[in-house]
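[1] 3D, please:
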Amino acid sequence: MERSSLRFDEAKGPKLLPRFVVYVALAAGLMVADYRFSLMQPVRAAVMPMLYPAQWLANQPVQLYQYFADLSQSKSELLEQNRRLLEENGRLKIDLQRDKVNTDELRELKKLYGLQQKGIHNVIGAEVISNGKDPLSERLIIGKGSQDGLKVGDAVIDQSGLIGLLTQVHTQRAEIELISSGQSIVPVAVSRTGERNLAYGNGSGLDLRYFPTGSDLKPGDVLLTSGLDGTYPAGIPVATVNKVVRASGTPYYDTQLTPLAALRSSRFVLVLSSAPSSPR
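    Alright, predicted model coming up:
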């Protein structure tokens, strides 16, 4: 017995169009019936559990792609946030350090201003701008010069004591020779007893080379400028005595002194001008 076929390509002649019309009508009828009466709902309900695994498997590549996309975006956002936080932290640290420097400078300026209020007059304030090419140099350069009234031989102090002497003066800058210089000699007097002597620079600090052992000198004594040579005004703190030992074989003490001024770390100084300072 010959079996009939539903394939369109096997149909010949006038049978093709009627079949097509019948199938379209049947499909439309089923769609309308399902829409109006939900005829296919039981079929869908029975088929859905069997199709769920296939749907789940089909959705996994999409889910994995979305997961990795979200993970990559989250990682990028975290890295960007971390970068911004590091930049902000660095900026805050710099601002904090600048504030500390400004506070220290303000404190130093207030102390220098306090010296003027206590009777040290005819002074010119200046900022230390360099210590030359050698970081261990015995000289400092300040940002004022002859146009500000400075002259060679003017004494220089900070808020704690004597720093040195102007040895070169140019129009807009001047050079200070520190009291620790090997060429420096400062006439001093012991604050407690008034006994006079000379403090010599040794390249790193000061010492009393010829203080007789028969004199009264103790650790903790403060040395002031005596004013005898006319170079340094009298009464400026110079150093404290840390150690006093009788040197064997000589009639002099072996001493160790600590300069009171911050020789290499002062940012601002006062020049004790021997001439009236020009108004600025």
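[2] Not counting its neighbours along the chain, what's nearest Ile157?
    Leu270 (5.3 Å; CB to CB, 6 or more residues apart in numbering). To be clear about C-beta, it is placed using only N, CA and C from the backbone, and glycine gets the same treatment.
[3] I figured that neighbour hits Asp154, correct?
    No. In this structure, Leu270 is not within contact of Asp154 by CB atoms under 8 Å, at 10.1 Å.
[4] mean confidence score for stretch 36-53?
    Stretch 36-53 carries an average pLDDT of 69.
[5] Assumed the residue nearest to Ile157 was part of a strand.
    Yes. Judged by DSSP: H, G, I helix; E, B strand; the rest coil, Leu270 forms part of a strand.
[6] Quick check: the gap between it and Leu260.
    Leu270 sits 14 Å away from Leu260, going by CB to CB, to the nearest Å.
[7] again with Ile124
    Ile124 is 21 Å from Leu260, by CB to CB.
[8] same thing with Asp154?
    19 Å.
[9] got it, and Ala199?
    12 Å.
[10] Leu140 now?
    Relative to Leu260, and taking CB to CB, Leu140 is found at 16 Å.
[11] all strands for the stretch 101-250 of the chain, in order.
    Along the stretch 101-250 of the chain, counting by DSSP state E, counting those that start in this stretch, strands occupy 123-130, 139-142, 155-157, 162-169, 174-178, 185-190, 196-201, 206-207, 222-225, 237-246.
[12] What's the mean pLDDT across the fifth one?
    Taken as a whole, strand 174-178 carries a mean pLDDT of 93.
[13] for it, packing partners?
    The contact analysis (3 or more CB pairs under 8 Å, 6 or more residues apart in numbering; DSSP states H and E) places strand 174-178 against strand 139-142, strand 162-169.
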